[in-house]
Each structure stands twice: as structure tokens, then as C-alpha cells.
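Chemist: give me coordinates for this.
(chains A and B)
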2 protein chains.
Amino acid sequence: MTGNKSSTKKELIAKDNFSEWYDNVLLEAKIVDDRYPVKGFSVYTGWGMSIAKRIIGMLEEKLEENGNEPMQFPVVIPEDSFQKEEDHIEGFSGEVFWITHAGNNELERRLILRPTSETAIYPMFKLWMRSHQDLPLRMHQTCNVYRYETKATRPLYRGREFLWNEGHTAHVDYDDAEAEVRAAIEAYRSVYDRLGLSYIMMKRPEFDKFAGADYSVAFDTWNPDGKVNQIGTVHQLGHNFAKAFDLTYEDADGEQATATNTCYGMGFGRTLAATIAHHGDDHGLVLPPIVAPIQVVIIPIFFKGKEEIALNYSKKLFDEIKAAGIRVKLDDDNRFNPGDKYFTWEMYGTPIRIEVGPREAQNNKVTLVRRDTFEKTQIDESELIPTIQGLFESIFENLRAKDKKTLDNLIADAYDLDQLKTYMDSRMIVRINWCGDPDCAFNLKDMVSGEIRGTRWDVEEKPTGNCIMCKEEAKYVAYVSRTY
Amino acid sequence: MTGNKSSTKKELIAKDNFSEWYDNVLLEAKIVDDRYPVKGFSVYTGWGMSIAKRIIGMLEEKLEENGNEPMQFPVVIPEDSFQKEEDHIEGFSGEVFWITHAGNNELERRLILRPTSETAIYPMFKLWMRSHQDLPLRMHQTCNVYRYETKATRPLYRGREFLWNEGHTAHVDYDDAEAEVRAAIEAYRSVYDRLGLSYIMMKRPEFDKFAGADYSVAFDTWNPDGKVNQIGTVHQLGHNFAKAFDLTYEDADGEQATATNTCYGMGFGRTLAATIAHHGDDHGLVLPPIVAPIQVVIIPIFFKGKEEIALNYSKKLFDEIKAAGIRVKLDDDNRFNPGDKYFTWEMYGTPIRIEVGPREAQNNKVTLVRRDTFEKTQIDESELIPTIQGLFESIFENLRAKDKKTLDNLIADAYDLDQLKTYMDSRMIVRINWCGDPDCAFNLKDMVSGEIRGTRWDVEEKPTGNCIMCKEEAKYVAYVSRTY
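Modeler: Okay, here's the model as predicted:
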């Protein structure tokens, strides 16, 4: 599928130096090319897009099982729709791109590029919603959204164009919307879990919720640079948008009632960034088998006069693996030696490498090297498919377990500001007791290099002391971290 | 997956009245909703997007087999890149959307929304192309493009935002690019063929080729309204863009050489429109099984006191069909009677309906009704899966054969202007002898309600008389038709 043809073996960058490692991996493993001549806009290149497509497919399948219909709304939103919900305008108007002209004309009505699609979708929901029998409405779309970010951009983490999937729903009542929030959270979890990503689920504080939401739940994951990476959010919107967009329906008693909405978004750039940043090592990417564009690479080792033997046996293995539905590549490009190929496919994070020399061929043996530990196994050809499947499982479990351990080790408890500062300086995720007053949160942000990200959604945690800031009674256990 | 819950049985519109039939089907079968509040922008709704996703998947798989890497380029192109290739500017500058502001700022450098992506992609190709070993470069992306159309818009046929897949390549020489043109054509054919769509492959006349191309090949298909629907195009770009964008590389002799480019695009809106318009009938959609979101619908028929028998047997059949990898739905919604359900699923074009009454359940029989002919078959349960598979094949072959016959019957030969006018009035696709002079083509367009679309690409046709316009010696057999 891909290969770094004209380059030879290059210097590796240690992952300890995360920032340089990351930039290098993005280019060398063809994830994203950030040299596009418009600031904040990047190109997903072959390997990155192949991985992203698999993550997208996993989520879309899950959402459609849940009953979300795939749709596609226009990228442009007319100014008047965009300006219907007050909190929403306030949250987004500073960062939208404006289309003002087309062809040689100035447009009568200016259009924005969607920063998110509520205000594109609700005017249509209104048309589709007459009776309670039309509800719930559930849709999803994979698309790009546009935000004129003023913060520093970073490929996949923060761009002015970003690829995501957004779900939007309308329900007869708040309870049904609450059930939808939980269903969306489960759908998102199922994707992150299968990528081996650990995360904490935060209920965002009031001052940090989605513009127009009743409340927001976010998936925060760790990052090697000590910032926290928000990879997905789910919002209970209550009646806020329904009132602004007049989303009413006739209920079972023939009365007009107002709908309740939810919306949720998973950023594929950030999810891909997490997959790269969490699992990668000094040799490059380490991909969970489920999203690896090539899961097994076969590399024949040519000894003079015995090339055919190794090549024919490689082809036989290739056919066998492919027939089992595994994504396999035979790298028989004779311009490079095996060592260069190992280097390349390690960089690409291919989960299993099979090395085929004449000795393997003559004895019907297979030598497999797993990417995560570099452990080498030799087996009989007859055990090939179950061995590969077992290794996939084992690689995944190993990545997931390591990931969980890393996150667990990053979380610490602080009971006073000095402790908090110390932990923040070591780039930890820190639990504190908090009274819930936004002023305490803002003061905290001024004093340490992080901010309150919220309280746990998935686990109930009770404060064990007074507020770390005002020393009044604490209501919450809050999490403090650096953030993108 | 979907259903028209709050509506009851509606009036059917005969397909003879194509325009009204089409608008009705788009809404009733949830293909596209054209009521989005910006002119020329439509919403792909659940059923339409589900079908489109399957067409997209078919093409992407084929292109990736061919070696095109999936990528994703930004939607915005800076003004200076867009203006590098002269013919291209001339062709597109009248119809681009301009982004001039972001947040509260006026942009220093204006951006356009891509009308097509050559000028976004080539600056990056330039970075990726150092040596002949880096070539060929082959990518594809599924995305929306934006053209400020001044002609009347029509959902799926012509919009200001349209969903397509575009392939872009760079090659060491013209011959290699010629091979790519053929490979792309084969990829496109394979998709249209599997949709049962008949088409003619036209080499467009010089005056109608893609802006910046050496030559353009197009897939034109018939439409019930007598216009011809261009569903895909493949372009040999020669050195035109390579020169404008300085796409050079070091060849095997160490010399700098200029690359050759190709590009190609398949419009999913138009391909979906053709699938709907060709195969549909007075009852609604008739979908080729390969793209039907639901391929088999099971409808239990409830007799009082025997509901459980029919329902349990329906569930058993459902499990059996699903286990065979077939997309099946059990419609056990008890708000509607079987007749209403037949009506709905016929509208959605579901290839096979299974009717389950207590008699079927008690005798282990299955009654199947195929959507294309409404023919009813009763079989033993043991034959279920092979029967369904056989029906899928048979439905597809029937749709394809009918489609081919329709196109064949639409093509006529005209040897003088009167004949041509008569055929054009009957909305035929007319073959004429043509000298090749653009003036004759323009004069023709002024005199009849159609235009020269090109000469056959896939079949060599020799003129059988003099030019229908100037009476000089004819060089080509050209095709004349109305067009979108």
C-alpha cells in the first residue's frame, strides 16, 4: 500500500523527546503532512487516512446499530440560522470562517463554514418532526468542521479544519435524551476501548460546557507531553436549541410539546493522535491490529541462488493469510535489503512481521516477530492462522494494559496548592477537593499551569477534605491538568 | 433502519411523469431533502446516504486495489495556488466561493472552497516528488466540492455542493499516464456495471474538455427526461499542470524531467440519481441488491390468536438470513398493517420481501416477493439462503438487461438536420457525422435542443457520410444529446 521508496534508513528519534518524535513519525509514517500552504490546515496522507478510515468505520457501524441514520448536511450555514441560539453564538462567533462572495458576486446573505452542525440540522429537524411518532430523530455524519483557532495549531490535535463524526438527536422528553447520552457514551467507549486507549470521563464544569448545552461529558486521555487530549464529547442540550429552533411536536394527547436534543462528537484527528502517541515507541508507530492498514508483512530474505525458494514460500504464506481475511502484504521489492524493510514496517507500526528465509521454506516453518515487544516465535506452517490471531489478541491486550497503567500512574491527589503545583510541574493529572465555585476554578487556573477539567462521570467520587482554594466545604473531587 | 412512521399510505406518482416522480421519491424514500435554506445545497438523508456510502465503498476499494492511497486534502485553496494554471482559472474562476473573513478579521490572503482539487494537491505533490523512484504518485479522496452554479440546480444532478471521489496521479511519462487513464476507466466501469447502469463512453470535444486537460473521457448515461447525465470523467492532463506547478523529478539518468498528471472524478450524487432514475418504477425505488441498505425485509402477517407463531418463525428466518451476511430487517412494527408495510418497503426499493403467515410457519415454507417484477415464489425453508442469493443475481441481471435495452433504443442515426431535430424532439441520443470543426458544433447547438457530447472512446466508429452541418468530409461519428 505504501512505502518510503526513495529514502534509505534514517535516524530514529527517541520518544522521550515527544514533540520531535511526533512530528517525525507523522511525516515518516505518512500520517499527516503539515506543509499545506494555509495555516492550520493539514493533509491526511495515505497511511494516516487508512487508519482514520478504520476508526471512522468502527464508530459509524456502532452508531448505526444504535439507530443513528447516516446523513450529510451542507458545510455552509446561513448567518440567520447560526445566530438563533444565544449561548451558541457567543461560544462560536469569534471563530467562524465567512463566505462573502461567489463567482463575481457578493452574496446577499453571508454564509459560515460549519464549526459544528446544530444550526444546520435543526431547521431540517423542524420539518421532519410533526408527531411524537416521528421521534426520536437520530442522525450522524462524518465530516470536517471549521474553526478559526487562535491558539497554536498542532497537526491532529488542533487544526482549523478537523475531521470528526457528529451525532444529533431529538427526543420526546428529557429522560429519553438522558438514555441517548448514555448510549452515545457507550458507543464512544467501544471505539476507544478497541483502540486500547485509556481515558477518564469528565463531566465538564458549567463554565466549560458546550455552548448551548445543559451539561457536557468529555473523554479526556493522557498525552506524553503532559497535556490532556479531549477525544470526544457528549452533550445533553435540554430544551435550549429546541426552543430557539421551535422544535415542537404533537404528543400522544394531541398537545404541542417541545423536544429535547442531544449531540456528540468524536474527533478523528485527536483519536488518531492518541493512538499514535500512546502506543508508539522509539521505532515509530505501534498499531492496534484492528486499525492497522497492513496487519502482517512478509519479508523474504534472499540468499544467492535460493531467491525462488524464499519467494515462492512467501507467496504461499501470503495467499493463506489473505484467505483468512487478514490484511497482509508481501514486500518483495528487491531495491531494499531486509534490514531496511524491517525499519520501514516498524515505523509504520505493522503488528506482525514474518521473516522468510530458505530454511523456513524448506522446513515449512514460519518466523513471526511481533511489533510491540519484538518477540520472535517460530512455528509450523500449519499453526499459522491461529498463531497470528492469538498474537493480534495478545498485542492488543498488551497495548491496552500498558496504556491503562500509564494513565493510572499519572493520576495523583493534592490537598494543598504546593502539592498541586509540584504535581503540575511533573505534568500529572491531579485530583483536588473543590467547592464548585467558578471563582475558585479561575483563581486556580491563574496560579498553576493547568485548569479544572471537571468531575468524574463514570465513577462517583466523594471529597475527602475542604476546597483546595477557598478552604470552604468541598462538594466535588475535580481533576486538574494541562490541556490542548 | 428507517421508516415513514407518522405517514400512512400515500398517492403514488407514475414514473412517466419523471420530474414529479423523482422529487416525490427523493423525499418519500429519504434520499435527499432539498429544503435546506441555502439554494443549491441539499441534505442527504438516511436512505440516500446509506446507498451512497455503499457506492463510495465500492469505488474506494477498487481504487485502493489499483494503488491509489486514500488521502484528505483541505477544502480551502489559497488564491495564489488556484491561479497557477491558466486554462484552469479561466474554466473555474467564475464559479468559486470565496472566504474573505474569519472570526472578526479580514483574511490577508483570500481562500476559495475547492471546485476540484488539482491546485490544492500539486503543491504537495511537488514536495513528495524528488526522484523517479517516488513515482507514480496516486491518491484518491472522497469529499465535497463547491461550484457556484448559475444553471438551474436539481438535487443530485446539479448542486452547488457535490459529493464525489477524485483521483489524482503523477507519472514519469505520458505512456504511464495513459495506462493510468485506462486503469481509472476500468475502475469506474466496474462500479457502474455492478449498479446495472448502462452508459456510453465519450471522448469530449476539445471545446468541452476539463479546464487544463489534454483530453477528457466521460461516462454519459441516459435519463428518463431525455437529458444525458455525466456520471464520471477521466482526464489526461499531460504536462499542463506539471509545468504550472513545477512538478519535476530526477530521472534514472540523473536529469530533471517533468511529470505527467491524470485526474478523474466520480460524482456520487449523479451516480445515485442514475441508479434511482434508471431502475425505479411506479412503486418507487428498485435497488440493485449490492447497494440496498436492507436487502430482505420480513413482514409477519398477524392472524388473531396466531401472532406468536408468525412472529417466532419470522425471527428464526431473520437469524438465518443475517447469519448468511445478508442485510435483513424484520418489520414487526404493529402500528401498521402488512399492506402499508409492503407499500413502504416497495418505495424504499428493498429487493426481496418475505411474507410470513401462520401457514408458512406451520409448514416451514417461505414466501418471497421480488421487487423488480413482483413475482412470488414459495420454497422450503431449507432452500432459503440459496434462493435469496439466486434472486439477488436474477434481479441484478434483469435490471442490467433492461437498462442496456433502454439505452440501445435511445440511440438513433441522423443524416440531415431535419432528422436530427425530429430525434432531438423525441429526446433521443443521436449519432451524426461531424467534420470536427468547433464552429459546426456551435452552429448545431444553436439549431437544435442538444449539443455534441463527443465521440466514442470505447468503440471505434467510422463516419458514414459527410458532416451534417457543413457537408464537408466527416472525420468523426459524434453523439448529440440534451444535457444537464
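Chemist: next up, the contacts around residue A:482.
Modeler: Applying C-beta atoms under 8 Å, 6 or more residues apart in numbering or on different chains to residue A:482 gives the contacts A:226-228, A:424, A:427, A:449-450. No exception for glycine: its C-beta is placed from N, CA and C like everyone else's.
Chemist: so how far is residue A:450 from it?
Modeler: 5 Å (C-beta to C-beta, to the nearest Å).
Chemist: overlap in contacts of these two?
Modeler: With C-beta under 8 Å, 6+ apart, residue A:482 and residue A:450 have common neighbours residue A:424.
Chemist: tell me the mean pLDDT for the strand or helix carrying residue A:480?
Modeler: Residue A:480 is part of strand A:476-483 when elements are defined by DSSP states H and E. Strand A:476-483 shows a mean pLDDT of 96.
Chemist: alpha carbons of that strand, as PDB, please.
Modeler: The C-alpha trace of strand A:476-483 is given here as PDB (Å, rounded to 0.1, in the frame of the first residue of the first chain):
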ATOM      1  CA  TYR A 476     -16.600  17.700  44.300                       C
ATOM      2  CA  VAL A 477     -13.500  15.900  43.500                       C
ATOM      3  CA  ALA A 478     -12.200  17.800  40.500                       C
ATOM      4  CA  TYR A 479      -9.400  16.900  38.000                       C
ATOM      5  CA  VAL A 480      -6.800  19.400  37.200                       C
ATOM      6  CA  SER A 481      -4.500  19.100  34.200                       C
ATOM      7  CA  ARG A 482      -2.800  20.900  31.400                       C
ATOM      8  CA  THR A 483      -4.800  20.800  28.200                       C
END
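Chemist: check which residues of that strand are buried.
Modeler: A:476-482 (16 or more other C-beta atoms under 10 Å in any protein chain shown).
Chemist: tell me the strands beside it, with direction?
Modeler: strand A:227-238 (parallel), strand A:429-434 (antiparallel), strand A:451-456 (antiparallel) (DSSP bridges).
Chemist: among those strands, which comes closest to residue A:400?
Modeler: strand A:227-238 (15.5 Å; C-beta to C-beta).
Chemist: quick one: contacts for the closest residue to residue A:166 other than its chain neighbours?
Modeler: Nearest non-adjacent residue to residue A:166, counting by C-beta to C-beta, 6 or more residues apart in numbering or on different chains: residue A:265, 4.6 Å away. By C-beta under 8 Å, 6+ apart, the contact set of residue A:265 is A:116, A:164-167, A:232-233.
Chemist: ditto for residue A:404
Modeler: residue A:198.
Chemist: what helix or strand is it on?
Modeler: Using DSSP H and E, residue A:404 sits in helix A:384-410.
Chemist: the helix or strand following that helix - contacts with which helices or strands?
Modeler: Downstream of helix A:384-410, the next assigned helix or strand under DSSP H and E is strand A:411-413. Contact here means 3 or more C-beta pairs under 8 Å, 6 or more residues apart in numbering or on different chains; DSSP states H and E; on that basis strand A:411-413 packs against strand A:429-434.
Chemist: the residue nearest to residue A:166 pairs with what?
Modeler: For residue A:265, the beta-bridge partners under DSSP bridges are residue A:166, residue A:233.
Chemist: quick check: it vs residue A:213, distance?
Modeler: Distance of residue A:265 to residue A:213, computed by C-beta to C-beta: 12 Å.
Chemist: ok, which stretches of the stretch 1-150 of chain A are helices?
Modeler: Per DSSP state H, counting those that start in this stretch, the stretch 1-150 of chain A carries helices over the ranges A:18-28, A:46-65, A:79-82, A:86-92, A:118-128.
Chemist: what helices or strands is the first one leaning on?
Modeler: Under the contact criterion of 3+ C-beta pairs under 8 Å, 6+ apart, helix A:18-28 touches strand A:32-33, helix A:268-279.
Chemist: what packs against the longest one?
Modeler: With contacts defined as 3+ C-beta pairs under 8 Å, 6+ apart, helix A:268-279 has these neighbours: helix A:18-28, helix A:46-65, strand A:161-171, strand A:227-238, helix A:384-410.
Chemist: possible to save those as TSV with distance to residue B:420 and mean pLDDT?
Modeler: Converted to TSV, the helices and strands packed on helix A:268-279 look like this (distance: least, C-beta to C-beta, whole Å; pLDDT from 0 to 100):
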stretch	distance to residue B:420	mean pLDDT
helix A:18-28	58	96
helix A:46-65	48	98
strand A:161-171	49	98
strand A:227-238	60	97
helix A:384-410	64	98
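Chemist: alpha carbons only: can I get the host helix or strand of residue A:322 in PDB?
Modeler: Using DSSP H and E, residue A:322 sits in helix A:307-323. Taking C-alpha atoms only, helix A:307-323 is exported to PDB below (Å, rounded to 0.1, in the frame of the first residue of the first chain):
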ATOM      1  CA  GLU A 307      15.700 -16.500  -4.000                       C
ATOM      2  CA  GLU A 308      13.000 -18.500  -5.700                       C
ATOM      3  CA  ILE A 309      12.600 -20.800  -2.700                       C
ATOM      4  CA  ALA A 310      12.000 -18.000  -0.200                       C
ATOM      5  CA  LEU A 311       9.800 -16.100  -2.700                       C
ATOM      6  CA  ASN A 312       7.600 -19.000  -3.500                       C
ATOM      7  CA  TYR A 313       7.100 -19.900   0.100                       C
ATOM      8  CA  SER A 314       6.400 -16.200   0.900                       C
ATOM      9  CA  LYS A 315       3.700 -16.200  -1.800                       C
ATOM     10  CA  LYS A 316       2.200 -19.300  -0.400                       C
ATOM     11  CA  LEU A 317       2.000 -17.800   3.100                       C
ATOM     12  CA  PHE A 318       0.600 -14.600   1.600                       C
ATOM     13  CA  ASP A 319      -2.300 -16.500   0.000                       C
ATOM     14  CA  GLU A 320      -3.000 -18.400   3.100                       C
ATOM     15  CA  ILE A 321      -3.100 -15.300   5.300                       C
ATOM     16  CA  LYS A 322      -5.100 -13.300   2.800                       C
ATOM     17  CA  ALA A 323      -7.700 -16.100   2.500                       C
END
